Structures are given as structure tokens and as C-alpha cells.
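Undergrad: Here is a sequence together with a model predicted from it:
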Amino acid sequence: MITNFFIPELNNHDVQELRFQQDGATFHTARATIDLSKDTFGDRLISRFGPVNWPPRSCDLTPLDYFLWVYVKENVNKPQTLNHLEDNIRRVSADIRPQMLEKVIENSTSRLYYIRASHGSPMPEFIFKM
């Protein structure tokens, strides 16, 4: 997936300033994966065993964790079948508008400032406002 899709897709875009953050899952931190990621991103890799350590309390920093999964879970109707669940997830995801994503970016910035100022301490209950 990484070599056949992800890296070729990156090459289609200007990503010189892109930083890549991956979590500490075992397969993300396998030697081959870390070496490939370092070759691709250099010192812009944020990962366990990478040049920039995976930050503490990283779920506070990752929009997929603090926004998307919560938003989808709260807006998906109770499915009766797996197909119904998939359809609901697609519907809810399609309803996410650019204005909402702008708020996510603003919220991400606030979170980064908090984590930096508190030297990585856990965030208090942080309410995402849309």
C-alpha cells in the first residue's frame, strides 16, 4: 500500500513542507516501515523511532481521533446490518462541509498551542465547537 499507492500519490503533489505523523502501532514502527518512511519524509517524520518522537497524548492532536470518529459515531443512525452501517458512514462523511473542516483546523491549532504550552501534559476536557 505504501510503496504502490501512497508514495506514488505523494509524488503527484508538492509536499516538500509536509510532515507525516503515524501512530505507534507495531506495523507502523516495524524497521522496514520506519526506514521507508525516513527515506520518504526525512526529518519530517513524526513517529516512534523516527526523527521526531510521536507526541504524548497524540489523540488530542489527531483530527481523525478527536473530530471525525466522534462526529460520525454521533450522527450514524443505529444500523440493522453491516450494509446499513456502511451507507450511514458514507452519508455522514459526505455531509461534512468545508466550513466544518475550517473549524477543525482552527481547533487543531488551539490544541497544538495548548500541548506546547503545557509541555505535553494531557488536555482537560476539550469541547469541539462547530
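TA: Good, I have the coordinates. Numbering: from 1, shown residues only.
Undergrad: residue contacts, His28?
TA: Under the criterion of CB atoms under 8 Å, 6 or more residues apart in numbering, the neighbours of His28 are 22, 47-48. C-beta here means a position set from N, CA and C on the backbone, and glycine is covered the same way.
Undergrad: Select from these every entry located in strands.
TA: Among those, no residue falls in strands (DSSP state E).
Undergrad: Please convert the buried members of those into PyMOL selection syntax.
TA: Paste this into PyMOL to select the buried members of these, with burial taken from 16 or more other CB atoms under 10 Å:
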select buried, resi 22+47
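Undergrad: Present the contacts of His28 as JSON lines; the columns should include pLDDT and distance to His119.
TA: Formatted as JSON lines, these follow (pLDDT from 0 to 100; distance: CB to CB, whole Å):
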{"residue": "Gln22", "pLDDT": "76", "distance to His119": "23"}
{"residue": "Ser47", "pLDDT": "82", "distance to His119": "20"}
{"residue": "Arg48", "pLDDT": "78", "distance to His119": "19"}
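Undergrad: Tell me the one of the contacts of His28 nearest Ser108?
TA: Comparing these against Ser108 with CB to CB places Gln22 closest, at 16.9 Å.
Undergrad: The closest one against Phe41, yeah?
TA: No. Contact criterion CB atoms under 8 Å: Gln22 and Phe41 do not qualify, at 9.8 Å.
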